[in-house]
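# Turn this into a model:
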Amino acid sequence: MRKLISWFDIPTSNFNRAVKFYQNVFDFTLNIVDCGGEKMGCFPDDGVNITGCIFHSPDYKPSMDGVIINFYSDDDINIFLKRVELNGGSTITPKTKIMVEGRGYFALFSDTEGNRIGVYSDK
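Purely as a prediction, here's the structure:
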């Protein structure tokens, strides 16, 4: 079966601030694409994992009430959340054990744009 999710867009209200936040939190460089009235900061694509972008357009509005994207972190979630907070985001739900055996941990955070984002880790 093909992956059901093929791409994601994270809306931004301040594109440059969002680029700085995501680059600092994940320690990678976004590929910036300027399409005039719209801008994309594309996450690295390894050809295997699902990828997407931060997206700026007048019609895209950040929200704490929409779909939640969950990123994977190789680091302990508390270390990841520390980077979120050092870069202007905030923790919504702290590191929480998933009660299904062997499923690891999750947390929720708010990015600099006001989006609710999830993170998952085995640590």
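
# Name the surrounding residues that touch whichever helix in the chain runs longest.
Scanning the chain for the helix with the most residues, using DSSP state H, yields helix 15-26. For helix 15-26, the surrounding residues in contact (Cβ atoms under 8 Å, 6 or more residues apart in numbering) are 10, 12, 29-30, 32, 39, 41, 43, 54, 56, 71, 80, 83-84, 86-89, 111-113. In this view, the C-beta of every residue, glycine as well, is placed from N, C-alpha and C.

# Give me the subset of these that lies in strands.
I10, I32, K39, G41, I54, H56, F71 (DSSP state E).

# isn't the fourth one right up against L30?
Yes - using Cβ atoms under 8 Å, G41 is in contact with L30, at 3.7 Å.

# any shared contact partners between the two?
V19, Y22, C53, I54.

# Check the gap between R103 and G88 for me.
30 Å (Cβ to Cβ, to the nearest Å).

# which one of G41 and L30 has more residues nearby?
G41 (23 against 18; other Cβ atoms under 10 Å).

# now that one, which residues is it bridged with?
I32, I54 (DSSP bridges).

# Need the per-residue pLDDT for it.
For G41, the pLDDT comes out at 96.

# give the contact list for it.
So G41 contacts F15, A18, V19, Y22, L30, N31, I32, V33, C53, I54, F55 (Cβ under 8 Å, 6+ apart).

# The last one against F8, yeah?
Read that as F55. No - at 9.2 Å, F55 and F8 do not qualify as touching, with contact defined as Cβ under 8 Å.

# between these two, who's got more neighbours?
Remark: of F55 and F8, F55 carries more neighbours, 20 against 15, as counted by other Cβ under 10 Å.

# Thank you, goodbye.
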